[in-house]
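Enquirer: what would the 3D arrangement of this be:
(one chain, ligands or ions: 1)
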Amino acid sequence: MAAVKVLQWGFGAMGSGMAKLVLEKKTLELCGVVDMREDYIGKDAGDILKREKTGAMIYNNFEEAVEKTSPDLVILATGSFTKEVYPDLERIINKKIDVITIAEEMAYPWAQEKELANKIDDLAKANDVTVLGTGINPGFVLDALVIMMTGVSHNIEYIEASRINDLSPFGPTVMRTQGVGTTPEEFAKGLENGDIVGHIGFPESIHMVANTLGIELDEVKQEREPIISNVYRETPYVKVEKGMVAGCRHIGYGIKDGNTVIKMIHPQQVLPELEDINTGDYITIKGTPEINLSIKPEIPGGIGTMGMAVNMIHLVKESGSGLKTMADLPIPRMIR
Ligand code: NAD
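Expert: Residues are numbered from 1 along each chain as shown. Alright, predicted model coming up:
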């Protein structure tokens, strides 16, 4: 069987890690990279990954990359929002190439962008390609994994899932959007003007779980509050004095008939261990039987995202056409 030729679009923290993983797999071939960074253009991917030449060149133009490399699949790792990645998805689909994206909202774009989601689905079907949104979260911990756990359930009364993680490995963009290093007043202002957003993906995860299980929600509500630090915390990108904000406690509620039937909790902060907080992923399903899953420490976000996106490649290649979710495809598994 010929290796699947993968074009990596977006060569940042996630994209470069995915490219490395693709290079390790015999059934995959990294045929090229697309990124807009001037200092990357025209180089071999290996030059940036600090390893031997790979033969995969970095292009700044997607169409040129396709012409030169004839990819079988694109991994798109450039942005978070459906509206933001839609124009590039359209370009990929129109070239009749399958695509996996880690844009958070694309894990279940019907949650907030129904019209665009239907448009992507129609376009994918017309061009006979598959489009999948995935990642660690959304894409796995707070949705696909929850859904899989219900495979043993007779009935379900309530679902609660939480992911307690450490933001320390992440850079300035994440610090800013989570409000890390702000004062409580600046945090409140940031929430109000939309500069601070907390986690991107609660409506997507909650609607994916609910719709897959046939739960008709009346609404999804979200709450965000600052995690105020009681100690000094410092990472390469941020300094947090005592009394300042170390992260964002973000909670999502799926509500039906006035009751919360799905609750998702995601407190994200830098260096939680400084206040004796251990990271972890937890799922509780109340019903018959009661199920409690506990993963300690958390599944690392970056490594997990790279793994999930790459490991879905063969399953996407084997899938029928259209816009798919993690609930539509077979159980994820590692590519050896
Ligand atoms: P990053 O900022 O490190 O990298 C993004 C790269 O894409 C940069 O190199 C940038 O130059 C390039 N880029 C951006 N727009 C481009 C365009 N239009 N054309 C060509 N290149 C472009 O970000 P990252 O940490 O690699 O994450 C990428 C995206 O994935 C982010 O939006 C992030 O929030 C999301 N993400 C999702 C999950 C998940 O679980 N679903 C997990 C991690 C990251």
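Enquirer: for residue 287, which non-adjacent residue is spatially closest?
Expert: Distances taken as Cβ to Cβ, 6 or more residues apart in numbering put residue 156 closest to residue 287, at 4.1 Å, once the chain neighbours are dropped. Where C-beta positions appear, they are placed from N, C-alpha and C, glycine not excepted.
Enquirer: which strands and helices sit next to the host helix or strand of that neighbour?
Expert: According to DSSP states H and E, residue 156 maps onto strand 155-166. Where contact means 3 or more Cβ pairs under 8 Å, 6 or more residues apart in numbering; DSSP states H and E, strand 155-166 is packed against strand 259-269, strand 280-288.
Enquirer: need phi/psi at residue 220.
Expert: Here is the backbone geometry of residue 220 (degrees, to the nearest 10): phi -120, psi 130.
Enquirer: count the neighbours of it for me.
Expert: Residues lying near residue 220 (other Cβ atoms under 10 Å) number 20.
Enquirer: measure it to residue 55 for me?
Expert: Note on residue 220: its distance to residue 55, by Cβ to Cβ, to the nearest Å, is 46 Å.
Enquirer: how many neighbouring residues does the closest residue to the ligand within the stretch 201-336 of the chain have?
Expert: Nearest to the ligand, among the residues of the stretch 201-336 of the chain, is residue 305, at 3.9 Å (Cβ to the nearest ligand atom). Here the number of neighbours of residue 305 (other Cβ under 10 Å) works out to 23.
Enquirer: who touches it in this structure?
Expert: Contact analysis of residue 305 by Cβ atoms under 8 Å, 6 or more residues apart in numbering lists 14, 102, 135-136, 139.
Enquirer: ok, of the residues you listed, which one's closest to residue 237?
Expert: Distance to residue 237, by Cβ to Cβ, is smallest for residue 14 among the contacts of residue 305, at 16.8 Å.
Enquirer: so that closest one makes contact with residue 102?
Expert: Yes - in this structure, residue 14 is within contact of residue 102 by Cβ atoms under 8 Å, at 6.1 Å.
Enquirer: so which of the contacts of residue 305 comes closest to the ligand?
Expert: residue 135 (2.1 Å).
Enquirer: nearest residue to that closest one other than its sequence neighbours?
Expert: residue 102 (4.3 Å).
Enquirer: got phi/psi on residue 305?
Expert: phi -70, psi -50.
Enquirer: any idea how far residue 333 is from it?
Expert: 16 Å.
Enquirer: and for residue 257?
Expert: Taken as Cβ to Cβ, the span from residue 257 to residue 333 is 38 Å.
Enquirer: check residue 113 too.
Expert: 29 Å.
Enquirer: go on, residue 91?
Expert: 30 Å.
Enquirer: more neighbours: which of the two?
Expert: With neighbours defined as other Cβ under 10 Å, residue 91 and residue 333 compare such that residue 91 has more, 16 against 10.
Enquirer: need the three-state assignment for the more buried one.
Expert: Secondary structure, DSSP: H, G, I helix; E, B strand; the rest coil: residue 91 is helix.
Enquirer: now for it: which residues touch it?
Expert: For residue 91, the contacting residues are 62-63, by Cβ under 8 Å, 6+ apart.
Enquirer: let's see that with 7 Å instead.
Expert: The contact partners of residue 91, by Cβ atoms under 7 Å, 6 or more residues apart in numbering, come to residue 62.
Enquirer: any idea of the mean pLDDT for stretch 217-229?
Expert: Across stretch 217-229, pLDDT averages out at 97.
Enquirer: could you dump it to PDB, C-alpha only?
Expert: Presented in PDB, the C-alpha positions along stretch 217-229 are these (Å, rounded to 0.1, in the frame of the first residue of the first chain):
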ATOM      1  CA  LEU A 217     -30.800  20.600  24.900                       C
ATOM      2  CA  ASP A 218     -32.700  23.800  25.400                       C
ATOM      3  CA  GLU A 219     -29.500  25.800  25.800                       C
ATOM      4  CA  VAL A 220     -25.800  25.800  26.500                       C
ATOM      5  CA  LYS A 221     -24.600  28.300  29.200                       C
ATOM      6  CA  GLN A 222     -21.100  29.200  30.000                       C
ATOM      7  CA  GLU A 223     -19.400  30.800  33.100                       C
ATOM      8  CA  ARG A 224     -15.900  32.100  33.300                       C
ATOM      9  CA  GLU A 225     -14.100  33.300  36.400                       C
ATOM     10  CA  PRO A 226     -10.600  34.200  37.300                       C
ATOM     11  CA  ILE A 227      -8.300  31.800  39.200                       C
ATOM     12  CA  ILE A 228      -6.600  34.200  41.600                       C
ATOM     13  CA  SER A 229      -3.200  33.100  42.700                       C
END
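Enquirer: so which bits of it are buried?
Expert: Counting neighbours by 16 or more other Cβ atoms under 10 Å, one finds that the buried residues in stretch 217-229 are 217, 220, 224-229.
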